[in-house]
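Novice: When you get a sec, could you give me coordinates for this:
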Amino acid sequence: MAATPGFAFLMLSPTHDRKPASMIAAALGALALGIAALVACPAALSAEQATTGASTSVADDLNSVFKAQPCVQSKSLAQLDAPITRIAKRLDAHEPVTIVAVGSSSTGGSGASSPAFAYPSRLERELRVRFPDTPITVINRGVNGEDTASMMARMDTVLEPKPDLVIWQLGTNTLLRDGNVPETAGMLRTGIARIKKTGADVLLIDPQFAPRVNAKPAVSDMVGLIAYVAKETHVPLFRRYVAMRHWHDDQAIGFDRFISADGLHMNDWGYSCLARLLAENITATVARSRAVAGVRPFD
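Specialist: Below you'll find the predicted structure:
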């Protein structure tokens, strides 16, 4: 605790008893003012903190990364084309929702300045803004360097928290290693069936639109395969590749705005915009699920 002016004078001046009475009186007055200030200080700080907290909303904080470049929903990006009924029911009932994000480094958050900017962290905050009356938790189960087979091998760990929704990002590392793209289909079908068996919803995310991914000849095959399996198994797909290509080709946003210097991983802006678009798609899909559930057949 910092000393008040009067307290400092009385303590540090060894000859204060020889000062004129007027100086001692002034020092005592300063001491009294200092004590009064200390007593009033906590209340003043609390009021200031309360005012600051009231004026800074979660939404404002989420928007700060978009000041130089806005994150805009693409009209060409199709909405999720399959229901997420479990999530919709729990949100309607204001029951806690648990989401597990499984994937490789672009789920784990490589390229982000901190874990808070990994897309699962941002998604949790975006969804909490949209559904403030429901406790929502997004668990990050991303592991650097994993392919689909590696993710399948640890599916027990992924499902351990008993999630209501599993968001599965896959395909990138198979492409980078020139792996067998068709083999991904069988593993993906098996994984989707396993997740659905627990009662959880499934949502897929395809590879990122990034220089090192785009350089691989099989990128279109992988993107197409994931879309085919999603449609075949009636699972929604967030078309990350299409969304990011829209940033670059249609909005003329340079790669350095959303991709880190390694030409592969997303950066803070990229992860944040991905999370926002994903949250908007989930919200729209929940609204459609709610509307369909409310339809009653004619008597």
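Novice: Low-confidence ranges, the stretch 1-150 of the chain, go.
Specialist: Counting by pLDDT under 70, the ranges of the stretch 1-150 of the chain that qualify are 1-60, 75-78.
Novice: quick one: the strands in it?
Specialist: 97-103, 136-142 (DSSP state E, counting those that start in this stretch).
Novice: Compare these and give me the one nearest E183.
Specialist: Taking Cβ to Cβ, strand 97-103 is the member of those nearest to E183, at 17.9 Å. Bear in mind the C-beta positions are built from the backbone N, C-alpha and C, glycine included.
Novice: hmm, who's touching that closest one?
Specialist: With contact meaning Cβ atoms under 8 Å, 6 or more residues apart in numbering, strand 97-103 is reached by 87, 90-91, 107, 119-120, 123-124, 127, 131, 134-142, 146, 151, 158-159, 161-170, 205.
Novice: related to what we said a few turns ago, need the strands of the stretch 1-150 of the chain in TSV (columns: mean neighbour count and distance to A261).
Specialist: Shown next, in TSV, are these (neighbours: other Cβ atoms under 10 Å; distance: least, Cβ to Cβ, whole Å):
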stretch	mean neighbour count	distance to A261
strand 97-103	24	21
strand 136-142	20	20
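Novice: Please report how far the residue with the shortest distance to the centre of the chain lies from T174.
Specialist: Centroid-nearest residue in the chain: R122, 1.5 Å away (criterion: Cα atoms, centre = their mean). Distance of R122 to T174, computed by Cβ to Cβ, to the nearest Å: 25 Å.
Novice: One more: Q73?
Specialist: When Q73 is compared with T174 (using Cβ to Cβ), they lie 29 Å apart.
Novice: Just want to know which of the two has more residues nearby.
Specialist: Neighbour count, other Cβ atoms under 10 Å: between Q73 and T174, T174 has more, with 22 against 15.
Novice: so the more buried one touches S150, yeah?
Specialist: No. Look at T174 against S150 with Cβ atoms under 8 Å: they stay out of range, at 10.4 Å.
Novice: Identify the residue spatially nearest to N144, adjacent ones excluded.
Specialist: S105 (4.2 Å; Cβ to Cβ, 6 or more residues apart in numbering).
Novice: The one you found contacts G145, correct?
Specialist: Yes. With contact defined as Cβ under 8 Å, S105 reaches G145; the gap is 6.6 Å.
Novice: about what we covered before: can you lay out the strands of the stretch 1-150 of the chain as JSON lines showing distance to L274?
Specialist: Shown next, in JSON lines, are those (distance: least, Cβ to Cβ, whole Å):
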{"stretch": "strand 97-103", "distance to L274": "11"}
{"stretch": "strand 136-142", "distance to L274": "13"}
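Novice: G199 is nearest to which of those strands?
Specialist: Closest to G199 of the strands of the stretch 1-150 of the chain is strand 97-103 (Cβ to Cβ; 12.0 Å).
Novice: so how far is the closest one off the chain centroid?
Specialist: 11 Å (Cα atoms, centre = their mean, to the nearest Å).
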